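J.: Kindly return the folded structure for what I paste below:
(one chain, ligands or ions: 1)
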Amino acid sequence: MRIVVKVGTSTLAHPGGLLNIRHTEDLVKVWSDIQNAGHQLIIVSSAATGLGVGKLQLEEKPRDLITKQAAAAVGQCELMYTYDRLFGQYNHTVAQMLLTWEDFDHPQRRRNLQNTLERLLELHAIPIINENDPVACEEYSLGDNDTLAALVATCIHADLVVLMSDIDGLYTADPHTHPEAALIPVVEEITPEIEQLAGGVGSSLGTGGMLTKVTAAKRATAAGVDMIITNGSHAEVLYDIVEGKSVGTRFVGRKA
Ligand code: GLU
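T.: As a prediction, the model looks like this:
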């Protein structure tokens with residue numbers, strides 16, 4: 001299987017912006033094993049800004065664009081250094097790709113990014129993708145990596161996108177405030193009711209919330225790609241996912 005896995009800031013970093021070592025190490029171990037089993041993984045990783053906040057010892061995520069972009073430039077180094085080191089323990093080679101909306105929009109750039117990704121996969125390298133935050137213009141920025149993961153998946157015809165989030169999936173109501181809320185295991189069609197359930201709240205360091213995930217699911221499923229939302233703090237669920245077991249919420253891709 002060709003799987004795009006997106007992992008969010010709240011999984012990779014603690015609220016102050018320091019690396020969540022346990023989550024990150026667990027994820028890299030499982031990802032490496034899945035790659036060893038013969039699957040192709042493409043990682044879309046957030047946390048550049050979050051880790052930059054930690055590294056620069058800022059009190060909180062900057063509100064102004066320039067400091068936010070500077071923090072992302074610092075944190076992206078930290079992020080790739082960490083992945084390179086951890087994947088290296090399992091003899092895997094990583095490749096960094098920093099993309100913006102224009103890269104998908106412009107035909108030649110889109111072809112370049114497709115070709116590079118395909119070649120990296122042939123070479124058994126693991127592409128690690130993030131938005132190129134330090135140069136992304138605010139009005140054109142993708143803003144959240146849920147959308148980026150869906151764009152990448154449609155671009156390279158992935159079989160599946162997995163969003164590893166800080167929540168188990170989509171619920172019938174907000175589980176923080178409604179203890180009786182139930183997890184929805186399968187969404188066959190994204191109706192206005194489903195969109196309504198998604199609300200709009202994200203974490204303090206990350207960007208996306210459930211709304212961006214459901215919007216990303218719309219994009220992926222329209223292109224025929226399934227998307228699963230699951231909890232990133234349980235790295236091992238990815239084994240169940242590749243075995244086809246029911247985990248989190250699966251949005252079923254439209255079949256032609
Ligand atoms: N590209 C942003 C970062 O690395 C994250 C966007 C998101 O949280 O989805 O900080």
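
J.: which outside residues touch the lowest-mean-pLDDT helix or strand in the chain?
T.: One helix or strand of the chain scores below all others by mean pLDDT, DSSP states H and E: helix 192-197, with a mean of 86. Identification of contacts with helix 192-197 by Cβ atoms under 8 Å, 6 or more residues apart in numbering yields L170, Y171, T172, A173, I184, V187, M210, L211, V214. To be clear about C-beta, it is placed using only N, CA and C from the backbone, and glycine gets the same treatment.

J.: Work out for me the element K61 sits within.
T.: In this structure, K61 sits in neither a helix nor a strand according to DSSP states H and E.

J.: Kindly report the same for the one 5 residues further on.
T.: When elements are defined using DSSP H and E, I66 is found to belong to helix 65-88.

J.: Mind listing what's buried along that helix?
T.: For helix 65-88, a neighbour-count test (16 or more other Cβ atoms under 10 Å) marks 67-72, 74-76, 78-80, 82-83, 86-87 as buried.

J.: Kindly indicate which of the residues you listed lies nearest A136.
T.: Of all those, A136 sits closest to Q69, with 7.9 Å by Cβ to Cβ.

J.: quick one: contacts for that closest one?
T.: Contacts of Q69 (Cβ under 8 Å, 6+ apart): D133, P134, V135, A136.

J.: again, but for N130
T.: Going by Cβ under 8 Å, 6+ apart, N130 touches V44, S45, S46, A48, Q76, L79, Q96, L98, L99, N145, L148.

J.: Just the buried ones out of these, please.
T.: Judged by 16+ other Cβ under 10 Å, buried ones among these: V44, S45, S46, A48, Q76, L79, L98, L99, N145, L148.

J.: Could you confirm K6 falls within a strand?
T.: Yes - with DSSP: H, G, I helix; E, B strand; the rest coil as the criterion, K6 is located in a strand.

J.: and it, what does it touch?
T.: K6 neighbours (Cβ under 8 Å, 6+ apart): I43, V44, S45, S46, N145, D146, L148, A149, V161, V162, L163, M164.

J.: Burial check on the closest residue to the first one other than its chain neighbours, number of neighbours?
T.: Once flanking residues are discounted, I43 sits nearest to I128: 4.7 Å by Cβ to Cβ, 6 or more residues apart in numbering. I128 has 21 neighbouring residues, counting by other Cβ atoms under 10 Å.

J.: per-residue pLDDT, Y140?
T.: What the model reports as pLDDT for Y140 is 63.

J.: try H92
T.: Looking at H92, its pLDDT stands at 98.

J.: go on, H39?
T.: 97.

J.: which residue sits closest to it in space, ignoring its chain neighbours?
T.: M1 (4.9 Å).

J.: filter the contacts of K6 by proximity to the ligand?
T.: Restricting the contacts of K6 to those within reach of the ligand (Cβ under 6 Å from any ligand atom) leaves S46, N145.

J.: Any residues of the chain in contact with the ligand? List them.
T.: Counting by Cβ under 6 Å from any ligand atom, the chain sits next to the ligand at 8-9, 46-50, 72, 130-131, 133, 144-145, 206-208.

J.: so of the residues you listed, which ones are in strands?
T.: Among those, the members falling in strands (DSSP state E) are N130, E131.

J.: show me the contacts for T82.
T.: Contacts for T82 (Cβ under 8 Å, 6+ apart) come out as L19, T24.

J.: what's the distance between it and L27?
T.: 11 Å (Cβ to Cβ, to the nearest Å).

J.: still on that earlier bit, could the contacts of Q69 be laid out in TSV, adding pLDDT?
T.: Converted to TSV, those look like this (pLDDT from 0 to 100):
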residue	pLDDT
D133	93
P134	92
V135	91
A136	86
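
J.: among the residues you listed, who's most crowded?
T.: Counting neighbours by other Cβ under 10 Å, D133 comes out on top of those with 24 neighbours.
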